[in-house]
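[1] Would you be able to build a 3D model of this:
(one chain, ligands or ions: 1)
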Amino acid sequence: MKPSLPKLTELDDEERILDDLNPAPRLLMGPGPINADPRVLRAMSAQLLGQFDPQFRGYMKETMELYRRVFETANRWTLVIDGTARAAIECAMVSLVEPGDRVLVLSFGRFGQLKTEIARRVGADVRVLETGWGTVFRPEQVEDALKSFSPKLVATCQGDTSTSMAQPLAEIGKLCHRYGAMLQVDATATLGGMPLPVDAWQIDCATGGLQKCLGGPSGSAPITIGDQAAAAIYRRRHIEEGLRPKDYVPGEGRIIASNSFDLAMLMDYWSDLALNHHTEATSMLYAARECARIFVKEGRAAVFRRHALAGEAVVAAVEAMGLKVFGDKTHKMPNVTGVHIPAGVSGDRVRQAMLTDFNIEIGTSFGPLHGKVWRIGAMGYNARKDCVLATLGALEAVLAAEGVKLPRGAAVDAALAVYRAAGA
Ligand SMILES: Cc1ncc(COP(=O)(O)O)c(C=O)c1O
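    Coordinates of the predicted model:
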């Protein structure tokens, strides 16, 4: 059956198209995006520069250096991709993987499914190792799959936002290399919120986004690429017609099947060669630079502690209300907490009341968890005591109004106790 085109309703009020843009002052406490740090918004309002302006090239270089610190890596090829987080994932996949190459995806939620989807589009021979939503893999499971499948690339999330689980990665890179595979990590949900020492954990390629723990808007995706992966990509270098130097010899590898996401061309663009590619999204580069600058200035340990405390406070409050946290708590990301929706309560009505009465957004869930689990995020600019307390107080009031029997005041008290115990 042919799919029919989706419905597209008309504007209901023609007049409003000329109104000022005036978004509601929401507090975004879902799984991301979150409210951007005002310093990032200010950086984005700075005047534009051309991408070959010496001052702008300086900003690009500084951005590379700042993200080396965010990713804890010495990787030369550390840059940002114009596009949302999936752009960087896709960039890495299409540039590293050739049709027929074996890719093992470690899937523990919806974003594992996304990587499977992207790998299949690239034409890879994909094997998916799955574990139940709410759990993570043990290294032995990964080792067995590496032994039996011999992939070229293993792709996984660090944190899968859909389930709130964080896969321990310290052992996985080493294991991959023992079996001749490279490791690609999607850290969209965790970059800047929990440790991701790319070099120490032998990760060949890691990608992120700004819109979660880094406190920016989506639209720029940091990526870091290790030497082995960079060499594999550069074998496939093909320069666009019109830009080729006289002595140009194309790479011996197969041309990368995307122009926008061709990492070999992006390396030529970000390097001192400064070969033309896309028009850099100037304001997003400013945003990305500012996000990383704020992270580095606050200091890794302090930022991670702030996220961990916010997560502990949310868990303590949820449990104090008599609700249950979703999944394996020992492997939970600090910045997202899944909460089982109590029986008889409409998850959507509660979210709606949070939005209309308190201007606070919390998240719903995908797939098997939809209608069963809410997701409360506390990350980036919003991983703060005041945001956490306001959200939990509001949730308690909304649940009480929905007829849920709970000890009033317990949520905020429990969260506050976590902060007080930490001296925060
Ligand atoms: C773990 C993870 N990977 C990938 C993505 C896709 O990111 P984007 O929507 O920025 O393309 C998300 C988005 O929430 C995510 O949480």
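[2] which phi and psi does the residue nearest in space to the middle of the chain have?
    Centroid-nearest residue in the chain: residue 188, 1.4 Å away (criterion: Cα atoms, centre = their mean). As for residue 188, its main-chain torsions (degrees, to the nearest 10) stand at phi -50, psi -40.
[3] Now do the closest residue to it other than its chain neighbours against the ligand, distance only.
    Nearest non-adjacent residue to residue 188, counting by Cβ to Cβ, 6 or more residues apart in numbering: residue 85, 3.9 Å away. Where C-beta positions appear, they are placed from N, C-alpha and C, glycine not excepted. From residue 85 over to the ligand the distance is 3 Å, taken as Cβ to the nearest ligand atom, to the nearest Å.
[4] and residue 85, how many neighbours does it have?
    28 (other Cβ atoms under 10 Å).
[5] before we move on, what about residue 417?
    14.
[6] Which of the three states applies to it?
    helix (DSSP: H, G, I helix; E, B strand; the rest coil).
[7] For the closest residue to it other than its chain neighbours, give me the pLDDT.
    Spatially, and ignoring its direct neighbours in sequence, residue 417 is nearest to residue 316 (6.9 Å; Cβ to Cβ, 6+ apart). Here the pLDDT value assigned to residue 316 is 98.
[8] In contact with residue 316, which residues are there?
    By Cβ atoms under 8 Å, 6 or more residues apart in numbering, residue 316 lies in contact with 414-415, 417-418.
[9] Contacts only, for residue 241.
    So residue 241 contacts nothing (Cβ under 8 Å, 6+ apart).
[10] Which helix or which strand is home to it?
    For residue 241, there is no host helix or strand (DSSP states H and E).
[11] Relative to residue 194, how far out is the residue lying farthest from the centre of the chain?
    For the chain, the largest distance from the centre (Cα atoms, centre = their mean) belongs to residue 246, which lies 40.8 Å off. Per Cβ to Cβ, to the nearest Å, residue 246 is found 49 Å from residue 194.
[12] And residue 76, by the same measure?
    25 Å.
[13] now do residue 98
    33 Å.
[14] Over to residue 342?
    Relative to residue 194, and taking Cβ to Cβ, residue 342 is found at 29 Å.
[15] ok, now residue 170?
    Counting by Cβ to Cβ, the gap from residue 170 to residue 194 is 12 Å.
[16] wait, isn't residue 64 in contact with residue 272?
    No - counting by Cβ atoms under 8 Å, residue 64 sits too far from residue 272 to count as a contact (11.8 Å).
[17] Please list the residues of the protein that sit near the ligand.
    32, 84-86, 111, 114, 157, 160-161, 186, 188-189, 209, 218 (Cβ under 6 Å from any ligand atom).
[18] Among those, which ones are in helices?
    85-86, 111, 114 (DSSP state H).
[19] Pipe the residues you listed into CSV and attach distance to residue 263 per row.
    Formatted as CSV, those follow (distance: Cβ to Cβ, whole Å):
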residue, distance to residue 263
85, 16
86, 15
111, 21
114, 19
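[20] Tell me the buried residues within those.
    85-86, 111, 114 (16 or more other Cβ atoms under 10 Å).
[21] Nearest to residue 370 among those?
    Within those, the smallest distance to residue 370 is 15.3 Å, found for residue 111 (Cβ to Cβ).
[22] what residues are up against the closest one?
    By Cβ under 8 Å, 6+ apart, the contact set of residue 111 is 157, 160-162, 186, 188-189.
[23] try 7 Å this time
    157, 160-162, 186 (Cβ atoms under 7 Å, 6 or more residues apart in numbering).
[24] now, which of those sits nearest the ligand?
    residue 161 (3.3 Å; Cβ to the nearest ligand atom).
[25] Which parts of this protein are strands?
    Ranges of strands in the chain, per DSSP state E, are 27-28, 77-82, 102-107, 125-130, 153-157, 159-160, 165-166, 182-186, 205-207, 220-225, 336-340, 360-361, 373-377.
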